[in-house]
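[1] sequence and predicted structure below; questions after.
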There are 2 protein chains.
Amino acid sequence: MKKIVIGLLGFGTVGSGTAAILENNRYDISTRTNADITIKKALVHDIHKPRPDCRGIILTDDPREITDDPEIDIVVEVMGGIEPARTLILTAMANGKNVVTANKDLLAQNGEELLEAAKKNGRDLYFEASVAGGIPIIAALRQSLTANRISSLLGIINGTTNYILSAMTEQGRNFADVLKEAQELGYAEADPVSDVEGLDAARKLAILSSLAFNTRVTFNDVYAEGISNVSPEDIHYADELGCVIKLLAIAKNQEEGIEVRVHPALISKKHPLANISGVYNAIYVTGDAVGETMFYGKGAGALPTGSSVVADIIQIVRNMSAGSEGLLNCGCYRNYPIISTDDFTTAYYIRLKVKDEPKVFATLALFFAEAGISFHSIIQKPRPDKSAEIALVTHPCREGQLRQAIQSLNSYSKLDKIYNVIRLETNGISI
Amino acid sequence: MKKIVIGLLGFGTVGSGTAAILENNRYDISTRTNADITIKKALVHDIHKPRPDCRGIILTDDPREITDDPEIDIVVEVMGGIEPARTLILTAMANGKNVVTANKDLLAQNGEELLEAAKKNGRDLYFEASVAGGIPIIAALRQSLTANRISSLLGIINGTTNYILSAMTEQGRNFADVLKEAQELGYAEADPVSDVEGLDAARKLAILSSLAFNTRVTFNDVYAEGISNVSPEDIHYADELGCVIKLLAIAKNQEEGIEVRVHPALISKKHPLANISGVYNAIYVTGDAVGETMFYGKGAGALPTGSSVVADIIQIVRNMSAGSEGLLNCGCYRNYPIISTDDFTTAYYIRLKVKDEPKVFATLALFFAEAGISFHSIIQKPRPDKSAEIALVTHPCREGQLRQAIQSLNSYSKLDKIYNVIRLETNGISI
């Protein structure tokens, strides 16, 4: 039986999960791979910190102990962040090691460089765990769906925001309140910005859309907007419109280029993504041959993410046995432009308050008409203070058109307030 | 660029879909594989039948023209049935060809023989299209989830029955009526037995459970029960109980062995499978590391199924380039017993009519108590004819226990009728 030696760069949640799976399922994994896989060393910050569950793994605070150890076949990078992770991965590959990484920040920014280095060195670089924890969406895009031209990808790929929106929807509570609870329960970080502002999802979307469309998309290309402005009232109106509000990661291959954006969106309750709640993730992919597919599962956690890391390790071990490492290279053979926000095309939900007087609605409607926007549906409710609260849903239009209408509205004396503007996604199933 | 030559055994729905995808996405597929993939020949029944869309493929009615053609690298078997498909696949592999097959009947019966032959000949045998059309569940079980010990698998893997049950649920119509419509629309065969009696799903479940549990499960091992007895009244009661009725394919790795069964079942509306409607398929897999995952998509059709066939072709082409064919062998290194129906453990929904007299319910409850079965919930409704209709839901029990209770009931003079007994699946999410 072939002996395979692993070095871990990082020994936190995902590193520990990886070690636990390799130990718990040792018999099955060795039988499935015909190899004996052992973690020899792990890089940690503090080698003196007591670790009750260290499974005989040698701890080191010197990364060269791992990248330069000739016994180590596969380096598993689960430390996160750009540097030193980037340099360590490049060093490991230059030293002939295959690499598994769970590092979305690094891949979303330096994916091309890493994949080119893997190719140059003839090494494997696998990264299933970088997006959506245990869901094998990377393998699906790199392998199972390769017969397709993929036209769009809609994802719920951030568990924190999905937990918050689910709780707001089910319990009618407001954002700040639920965020605080999520922080206490450990579902949200002490500094929640990366999650609630959509940056984490944007990084994952950059990785997914590069693979789906075979064109380079980096973090900076992705428009990101968070959920902190979503109110219980918006969720209530969405419900009346037959929708829920989700933080969606959306990538579309349009004639003019690639549209990549992360933002809260109304989506029909009949859409499969509408039922994904709590900390679960799902990615809804449309291909020209396969049609609509969806991949669902836990988006984070030691064992789900470890499941993806170990699947990558097993694939590399199989490749090593066959002498076929280094074959899955960077697939970005297209060079599509990224569509600018002005040209995003989508429907909108707009909630506003105006004076409840004759002609006001007609004027308001005219602003939209002048921008070339027509309405899909309108809900108007009288209020005790002689104003009217209106929720409008437009037909799809360019974002530039919407800005024009909003500008006209903002200069209108009968407008009290625009509470919120939220996009409405009709891909797959319309409302 | 490497030239890869394909021979099709069969040129019906899936064969045509495969040819269409290879032509429509030629540029992308050749770039992704660095190979030029061409279908040279297709085996057909009648070479004189006019085929407007034959794409320059040579038609033949002699299978040896394909299995023995030295130019052909990959044989794609999409003719279905046991023979001559089995012999042709074995011949093709003996002649050094890699094989892709969509043939669930053959794999569910002779999977071991075919995989052994692939191993012996050092050839690839891929069969993603044999289960759930475009959904990459086979790749998930053979590769992406290999870090896991899988404990259970719940699937909606027959589109015809799911279409019928969805229509019965949404429109309150009866089975015969909806079946007739499904036949007219082409969603059900003229001879619907294989679909509506659960045999098609049983074949697919045999394939999936062999892969999930690494133990041999064949079609004959799977208990199969169809949906023809499900009535609109049962669906209505299920709704009151917070459930829907689906034809579920269920496989569980229990301490005593493997439980594999296909039957209609009540399942909580909160379960992700409850929302899979119409011709869509989904497979819900639970692994010890990944937790709950679900794979969703179209279960049939020329292009979705062709998407899986072409994905397999692409994988084989990549393996050929690396010289790494023949590595994914039969993974049945376990030898678990198959649990007999008497030992199936599940909850039950039982709908019956009794005389509306004192003591009747007490007696009935005693029959269940004597069999060691307790109730989860009870709905009793008075009827104009001095009888009572009762819907019972039990806690999980062994099927043998239920038979004992039913036997006592059947000999009870106050029983008018047992309308139906349907299992209730609580795996994942209970009601």
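    Ah, there it is.
[2] buried sites along the lowest-mean-pLDDT helix or strand in chain A?
    Lowest mean confidence among the helices and strands of chain A (mean pLDDT, DSSP states H and E): strand A:375-382, at a mean of 91. Of all the residues in strand A:375-382, those buried under the rule 16 or more other Cβ atoms under 10 Å in any protein chain shown are A:His376. Where you see a C-beta, it was placed from the backbone N, CA and C, and this is true even at glycine.
[3] who touches it?
    Taking contacts as Cβ atoms under 8 Å, 6 or more residues apart in numbering or on different chains, the residues outside strand A:375-382 that touch it are A:237, A:240-241, A:347, A:356, A:361, A:365, A:368, A:388-395, A:431.
[4] out of those, which are buried?
    A:237, A:241, A:347, A:356, A:361, A:368, A:388-394, A:431.
[5] which of those sits closest to chain B?
    A:Ile431 (16.7 Å; Cβ to the nearest Cβ).
[6] can you give me the helices in the stretch 201-350 of chain A?
    Secondary structure of the stretch 201-350 of chain A by DSSP state H, counting those that start in this stretch: the helices cover A:232-240, A:302-322.
[7] and the helix or strand following the least confident helix or strand of chain A, which strands flank it?
    Per DSSP states H and E, the first helix or strand lying C-terminal to strand A:375-382 is strand A:387-394. If you go by DSSP bridges, strand A:387-394 pairs up with strand A:345-355 (antiparallel), strand A:375-382 (antiparallel).
[8] buried residues, whichever helix or strand comes after the first one. List them.
    To tie it back to what came earlier, the one meant is strand A:345-355. Moving toward the C-terminus from strand A:345-355, the next helix or strand (DSSP H and E) is helix A:360-370. Buried residues in helix A:360-370, counted by 16+ other Cβ under 10 Å: A:360-361, A:363-364, A:367-368.
[9] now swap in stretch A:85-97 and tell me
    For stretch A:85-97, the neighbour count (16+ other Cβ under 10 Å) marks A:85-86, A:88-93, A:95, A:97 as buried.
[10] hmm, back to that, how about the strands paired with strand A:387-394, which one is nearest A:Ile74?
    strand A:345-355 (42.8 Å; Cβ to Cβ).
[11] quick one: average pLDDT of the closest one?
    Across strand A:345-355, pLDDT averages out at 96.
[12] go on, stretch A:323-341?
    For stretch A:323-341, the mean confidence score works out to 91.
[13] export only the CA atoms of it, formatted as PDB.
    The C-alpha trace of stretch A:323-341 is given here as PDB (Å, rounded to 0.1, in the frame of the first residue of the first chain):
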ATOM      1  CA  GLY A 323       1.100   9.500 -12.400                       C
ATOM      2  CA  SER A 324      -1.500  12.000 -13.700                       C
ATOM      3  CA  GLU A 325      -1.000  15.000 -11.500                       C
ATOM      4  CA  GLY A 326      -1.200  18.500 -12.900                       C
ATOM      5  CA  LEU A 327      -3.900  17.900 -15.500                       C
ATOM      6  CA  LEU A 328      -6.700  20.100 -14.200                       C
ATOM      7  CA  ASN A 329      -5.300  23.500 -15.100                       C
ATOM      8  CA  CYS A 330      -6.600  27.000 -15.200                       C
ATOM      9  CA  GLY A 331      -9.600  26.800 -17.500                       C
ATOM     10  CA  CYS A 332      -9.800  30.500 -18.300                       C
ATOM     11  CA  TYR A 333      -9.500  30.300 -22.100                       C
ATOM     12  CA  ARG A 334     -12.100  33.000 -22.600                       C
ATOM     13  CA  ASN A 335     -11.600  36.700 -22.000                       C
ATOM     14  CA  TYR A 336     -15.000  38.200 -21.400                       C
ATOM     15  CA  PRO A 337     -15.500  41.800 -20.300                       C
ATOM     16  CA  ILE A 338     -17.100  42.400 -16.900                       C
ATOM     17  CA  ILE A 339     -20.400  44.300 -17.200                       C
ATOM     18  CA  SER A 340     -20.500  47.600 -15.300                       C
ATOM     19  CA  THR A 341     -23.100  48.200 -12.700                       C
END
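[14] tell me the gap between it and the middle of its chain.
    18 Å (Cα atoms, centre = their mean, to the nearest Å).
[15] do the same with stretch A:184-199
    Averaging C-alpha positions (Cα atoms, centre = their mean) puts stretch A:184-199 14 Å from its chain's average.
[16] what's it in contact with?
    Residues from elsewhere that reach stretch A:184-199 (Cβ under 8 Å, 6+ apart): A:158-161, A:163-164, A:179, A:182-183, A:200, A:219, A:224-228, A:247, A:262-263, A:279.
[17] span of that stretch from start to end?
    21 Å (Cα to Cα, to the nearest Å).
[18] ok, back up a step: most tightly packed of the helices of the stretch 201-350 of chain A?
    helix A:302-322 (a mean of 25; mean count of other Cβ atoms under 10 Å in any protein chain shown).
[19] does that one come close to chain B?
    Yes. For helix A:302-322, a contact with chain B is found by Cβ under 8 Å from any Cβ of the partner chain, at A:303-304, A:306-311, A:313-315, A:318-319, A:321-322.
[20] tell me which helix or strand comes right after the strand or helix carrying A:Lys120.
    Applying DSSP H and E as the criterion places A:Lys120 in helix A:104-121. Next helix or strand after helix A:104-121 toward the C-terminus (DSSP H and E): strand A:125-126.
[21] what about that following strand, average pLDDT?
    Strand A:125-126 shows a mean pLDDT of 98.
[22] and that strand, what does it pack against?
    Judged by 3 or more Cβ pairs under 8 Å, 6 or more residues apart in numbering or on different chains; DSSP states H and E, strand A:125-126 is in contact with strand A:98-101, helix A:104-121, helix A:302-322.
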